[in-house]
Structure formats: structure tokens, C-alpha cells
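Participant: Attaching a predicted model along with its sequence, questions to come.
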Amino acid sequence: MQSAGTALHELLVSAQRRGCLTAGVYESAKLMNVDPDNVAFCVLAADQEDEGDIALQIHFTLIQAFCCENDIDIVRVNDVAKLAAIVGPSEDSGEPRDLHCILITNPNEEGWKDPALEKLNLFCEESRNLNDWVPTITLPE
């Protein structure tokens with residue numbers, strides 16, 4: 001599981017560098033509605049205090065259903081602060097972003113293969129074989 005956390009960290013850094021990262025529940029839902037074929041990976045993040053947020057949980061359920069229907073691998077992360085440390089604030093405004101949902105999209109570069117994404121796809125496939133459809137990943141310190 002630790003290697004999956006490291007792979008997720010590498011994927012987030014790489015995707016942000018390439019401009020292939022969409023953060024926010026609303027922004028992610030818009031993107032999935034407009035261009036679902038371009039979404040390569042989904043991360044849902046919630047802290048302990050978010051577990052009681054019914055609206056957020058409904059969004060998560062809908063996003064999970066959409067991802068399963070469109071063959072998009074999806075994982076959960078239980079530490080929004082670690083995600084914020086990796087992804088950082090919005091480049092446009094410098095404001096903190098909504099990191100409850102992050103999508104990794106396919107870059108425009110032909111033939112781009114991210115080894116971290118391939119590792120995570122394999123991790124998700126193995127988890128599904130164990131009937132864990134949305135596995136939880138722990139990010140490294």
C-alpha cells in the first residue's frame with residue numbers, strides 16, 4: 001500500500017507539471033460531464049470531519065458511480081492536508097483549492113505514459129479483484 005501512496009504522489013506532481021490536473025468537486029463534475037474519455041484517474045479526499053458532510057458524501061457517491069460506469073480508476077485519500085502539501089494552492093489566485101476531488105486527465109502529448117499511473121491502474125485492478133472498488137491510499141510523509 002505504501003508503494004501505491006508513493007505512486008500517487010509522483011502522479012500528482014507529474015500531472016500538475018503537465019497541466020493535466022483538475023481539482024474541485026464542481027470542476028471535476030463539469031469535466032467528467034463534458035469529456036469523460038479524457039479522464040485517466042480520480043482521487044477522492046476526505047478528512048475525518050468531512051465524513052459527516054452529507055452533501056460531500058452524495059457528491060462522492062455520484063462521482064464513484066460515474067467513474068465505475070466509464071472505466072475510470074478511482075481511489076480515496078484520508079488526508080486532505082497531505083494532498084494540499086503536494087498540489088499546493090491555485091496557480092491563478094493563490095487561494096487554497098477544493099481538493100475533495102482531483103482528476104488526472106490525459107495530456108495532449110502522443111504516447112505519454114506515466115509509470116506512476118500504470119502502477120496505480122494495476123493497484124486498482126488488484127483491489128477490484130478483492131472486491132474493493134474504491135481503495136484507500138495512504139500518502140507518504
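Facilitator: Sure, I can see it. Quick caveat: nothing in here was measured; it's all calculated off a predicted structure.
Participant: which stretches of this structure form strands?
Facilitator: 21-23, 39-45, 73-77, 101-105, 136-137 (DSSP state E).
Participant: can you list those in a markdown table and add mean neighbour count, distance to Leu117 and mean pLDDT?
Facilitator: C-beta: built from backbone N, CA, C; applies to glycine. Below are the strands of the chain laid out as a markdown table (neighbours: other Cβ atoms under 10 Å; distance: least, Cβ to Cβ, whole Å; pLDDT from 0 to 100):
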| stretch | mean neighbour count | distance to Leu117 | mean pLDDT |
| --- | --- | --- | --- |
| strand 21-23 | 20 | 12 | 92 |
| strand 39-45 | 23 | 6 | 94 |
| strand 73-77 | 20 | 9 | 95 |
| strand 101-105 | 24 | 7 | 94 |
| strand 136-137 | 18 | 13 | 93 |
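Participant: For Ser3, find the nearest of those.
Facilitator: Smallest distance to Ser3 across those (Cβ to Cβ): 9.9 Å, for strand 136-137.
Participant: what stretches of this structure score poorly on pLDDT?
Facilitator: Flagging of the chain using pLDDT under 70 yields the residue ranges 1-2, 90-96, 107-112.
Participant: Which of the strands of the chain sits closest to Lys30?
Facilitator: Nearest of the strands of the chain to Lys30, taken as Cβ to Cβ: strand 21-23 at 8.7 Å.
Participant: List the neighbouring strands of that closest one plus their orientation.
Facilitator: Applying DSSP bridges to the sheet, strand 21-23 is found paired with strand 101-105 (antiparallel).
Participant: got the contact list for the strand it pairs with?
Facilitator: With contact meaning Cβ atoms under 8 Å, 6 or more residues apart in numbering, strand 101-105 is reached by 11-12, 15, 20-25, 28-29, 31-32, 35, 38-45, 59-60, 63, 83, 87, 117.
Participant: Done for today, thanks.
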